[in-house]
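> can you look at this prediction? I've put the sequence above it.
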Amino acid sequence: MRECVGRFAPTPSGRMHLGNVFAALIAWLSVRSQGGKMVLRMEDLDTQRTSAEFAETLRRDLTWLGLDWDEETPPQSQRTQVYDRYFDLLAQKGLLYPCYCTRSQLHSVNAPHLSDGTYVYAGTCRGLTPEQRKEKGDKFSWRVQVPERVICLTDMAQGDFSQDLAKQCGDFVVRRADGVYVYQLAVTVDDGEAGVTEVVRGVDLLASAPRQMYLQELFGFQAPAYGHVPLLVAPDGRRLSKRDKDMDLGQLQKQMRPERLLGILACTAGLMDRVEDISARELIPHFRWDGLGKDSICLRL
Ligand code: GLU
């Protein structure tokens with residue numbers, strides 16, 4: 001059996017809000033209850049929105065919560081050369097092609113969309129001839145071709161999930177026109193190289209797991225187990241976001257001690273039947289996936 005390795009992969013673009021705290025808590029509990037190792041990685045590909053100060057605040061916030069980690073791997077902004085190698089591998093396999101479509105073309109009403117509004121790339125630039133490519137100029141992103149195949153996974157929180165990559169996603173971008181690698185490639189490489197065996201994060205990322213599983217296969221990484229934690233919503237049904245100042249950790253730290261916040265979240269996760277103050281470490285023996293459910297959870301503070 002492989003050693004259990006989990007990860008925190010925050011984007012240092014602001015203060016953690018309660019949804020992030022909840023997902024981080026579940027990720028940590030799952031790993032620690034198996035005696036596994038936790039890795040921290042800053043996902044700062046978007047250098048405009050992220051900063052070293054936010055990264056430091058995130059580390060402090062995790063520490064305040066009692067969620068520790070064993071190792072911090074280099075931030076994504078420093079790994080371009082590593083990503084280059086995996087990008088070359090895709091090129092060698094003949095799976096990459098330049099895409100000249102503009103944002104407005106991709107999102108136009110005539111472009112194919114799924115019922116939830118996500119656009120599906122129609123393969124517009126896949127078959128361009130070298131001459132046509134030359135005419136289109138030098139501003140292009142790189143897309144990887146996807147096979148006509150359904151990718152399935154059994155999620156620890158959401159149960160069975162499948163996605164037909166060609167029909168529900170289409171060939172997807174791995175490197176943007178400005179040369180920056182996209183999340184899907186970076187996360188696959190980073191989790192793969194760190195030997196991550198379980199990925200626990202918010203349910204909003206469930207639909208990206210099949211793209212990552214496809215890349216894992218191409219790069220030769222073993223797929224991790226997935227657990228996509230339900231969203232926390234405010235009592236009025238609003239999704240919590242980084243803009244929700246009342247739900248960010250900066251505000252919450254002024255109102256309560258970590259043990260109280262963890263007690264509330266543990267109750268929310270179905271790990272305790274009433275709210276009582278408890279530390280992260282004391283929660284480990286209470287951890288189980290089945291109390292969590294799949295649906296959004298309304299948080300009452
Ligand atoms: N960096 C992403 C976020 O903060 C999480 C990515 C992941 O867990 O795969 O939303």
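Ah, there it is. Numbers count the residues shown, from 1 in each chain.

> what about the closest residue to the ligand within the stretch 201-301 of the chain, which SS state?
Of all residues in the stretch 201-301 of the chain, R201 sits closest to the ligand, at 3.6 Å by Cβ to the nearest ligand atom. For every residue, glycine as well, the C-beta is placed using N, CA and C. Reduced to three states with DSSP: H, G, I helix; E, B strand; the rest coil, the structure at R201 is strand.

> what's the pLDDT at the residue lying closest to it once chain neighbours are set aside?
Leaving aside its chain neighbours, R201 sits nearest to A23 (5.4 Å; criterion: Cβ to Cβ, 6 or more residues apart in numbering). The per-residue pLDDT reported for A23 equals 96.

> for Y121, see how far away the spatially closest residue to R176 that is not a sequence neighbour is.
Of all residues not flanking R176 in the chain, S141 sits nearest, at 5.1 Å (Cβ to Cβ, 6+ apart). Distance, S141 to Y121, using Cβ to Cβ, to the nearest Å: 11 Å.

> what residues are shared contacts of those two?
C99 (Cβ atoms under 8 Å, 6 or more residues apart in numbering).

> test my guess that I26 contacts G227.
Yes. The pair I26 / G227 is scored as a contact, 7.0 Å apart, by Cβ atoms under 8 Å.

> what sits in contact with each of these two?
Common neighbours of I26 and G227 (Cβ under 8 Å, 6+ apart) are V200.

> quick one, which of the two is more surrounded?
Just comparing I26 and G227: by other Cβ atoms under 10 Å the higher neighbour count belongs to I26, 26 against 22.

> coming back round to it: could you point out which element follows the helix or strand hosting the residue nearest to R201?
Element membership for A23, per DSSP states H and E: helix 18-32. Using DSSP H and E, the helix or strand that directly follows helix 18-32 along the chain is strand 37-41.

> show me what that following strand is packed up against.
strand 5-8, helix 18-32, strand 71-73 (3 or more Cβ pairs under 8 Å, 6 or more residues apart in numbering; DSSP states H and E).

> quick one: contacts of it?
Contacts for strand 37-41 (Cβ under 8 Å, 6+ apart): 3-9, 27-28, 31-32, 59, 62, 67-76, 190, 194, 196.

> same thing but 7 Å
3, 5-9, 28, 31, 68-73, 190, 194, 196 (Cβ atoms under 7 Å, 6 or more residues apart in numbering).

> which of the residues you listed count as buried?
Among the contacts of strand 37-41, those buried by neighbour count (16 or more other Cβ atoms under 10 Å) are V5, G6, R7, F8, A9, W28, V31, W69, T73, D190, A194, V196.

> now those in JSON lines, with pLDDT and distance to the ligand?
Compiled in JSON lines, the buried ones among the contacts of strand 37-41 are given as follows (pLDDT from 0 to 100; distance: Cβ to the nearest ligand atom, whole Å):
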{"residue": "V5", "pLDDT": "98", "distance to the ligand": "14"}
{"residue": "G6", "pLDDT": "98", "distance to the ligand": "10"}
{"residue": "R7", "pLDDT": "98", "distance to the ligand": "7"}
{"residue": "F8", "pLDDT": "98", "distance to the ligand": "8"}
{"residue": "A9", "pLDDT": "98", "distance to the ligand": "4"}
{"residue": "W28", "pLDDT": "98", "distance to the ligand": "13"}
{"residue": "V31", "pLDDT": "98", "distance to the ligand": "14"}
{"residue": "W69", "pLDDT": "98", "distance to the ligand": "14"}
{"residue": "T73", "pLDDT": "98", "distance to the ligand": "13"}
{"residue": "D190", "pLDDT": "98", "distance to the ligand": "9"}
{"residue": "A194", "pLDDT": "98", "distance to the ligand": "12"}
{"residue": "V196", "pLDDT": "98", "distance to the ligand": "10"}
